[in-house]
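>>> coordinates only, no sequence provided:
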């Protein structure tokens, strides 16, 4: 199954953890207005999004807050368990993966945060590539 993959320097993201990237960005958009338009444009024009070190830094606090809010809403920290619960409850797995699922968004946000932290420490861009 196709999806989105997050890359940055030595950071090792989980398989297809970037799939829910658009859902994450939609949820934190009001906190990242200064870079949201550039992200939208890249999503419209490319099969990847490239975030500079400065853009990665802009995402750090909003992602941390978002992760904390999702964990509070879900009631636990396991994105995988949440995905399983959502699918058992009838959520379409493909729609869930592309941003409908809280579990997939948590998975994405955690790995995106790790990539952004790596970007700052290694001075590398973050790439979210879709296939």
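Nice, thanks for sending it over. Since this is a predicted model, take the numbers as computed values, not measurements. Numbers count the residues shown, from 1 in each chain.
>>> buried sites along stretch 73-86?
Using 16 or more other CB atoms under 10 Å as the test for burial, stretch 73-86 gives 74, 79, 82, 83, 85, 86. C-beta coordinates here come from the backbone N, C-alpha and C atoms, glycine included.
>>> over to stretch 24-40?
Buried residues in stretch 24-40, defined by neighbour count with 16+ other CB under 10 Å: 24, 25, 27, 28, 32, 35, 36, 39.
>>> quick one: residues in contact with stretch 65-81.
By CB atoms under 8 Å, 6 or more residues apart in numbering, the residues outside stretch 65-81 that reach it are 24, 27-28, 31, 82, 102-107, 109-110, 113.
>>> from the buried residues of stretch 24-40, which land in helices?
Those of the buried residues of stretch 24-40 mapping onto helices are 24, 25, 27, 28, 35, 36, 39, per DSSP state H.
>>> now the strands for this structure?
Ranges of strands within the chain are 4-8, 11-12, 48-51, 126-130, based on DSSP state E.
>>> strand partners of the third one, parallel vs antiparallel please.
Strands that pair with strand 48-51, judged by DSSP bridges, come out as strand 126-130 (antiparallel).
>>> which residues touch the strand it pairs with?
Applying CB under 8 Å, 6+ apart, the set of residues contacting strand 126-130 from outside is 2-8, 18-19, 21, 47-51, 55-56, 112, 115-116, 118-119.
>>> what comes up buried for that strand?
Buried, per 16+ other CB under 10 Å, within strand 126-130: 126, 127, 128, 130.
>>> low pLDDT regions in the protein?
Within the chain, the segments meeting pLDDT under 70 span 1.
>>> what's the nearest residue to the spatially most central residue of it if we skip its chain neighbours?
If you average the C-alpha coordinates of the chain and look for the closest C-alpha using CA atoms, centre = their mean, you land on residue 108, 3.4 Å from that point. Ranked by CB to CB, 6 or more residues apart in numbering and with sequence neighbours excluded, the top spatial neighbour of residue 108 is residue 20, at 4.1 Å.
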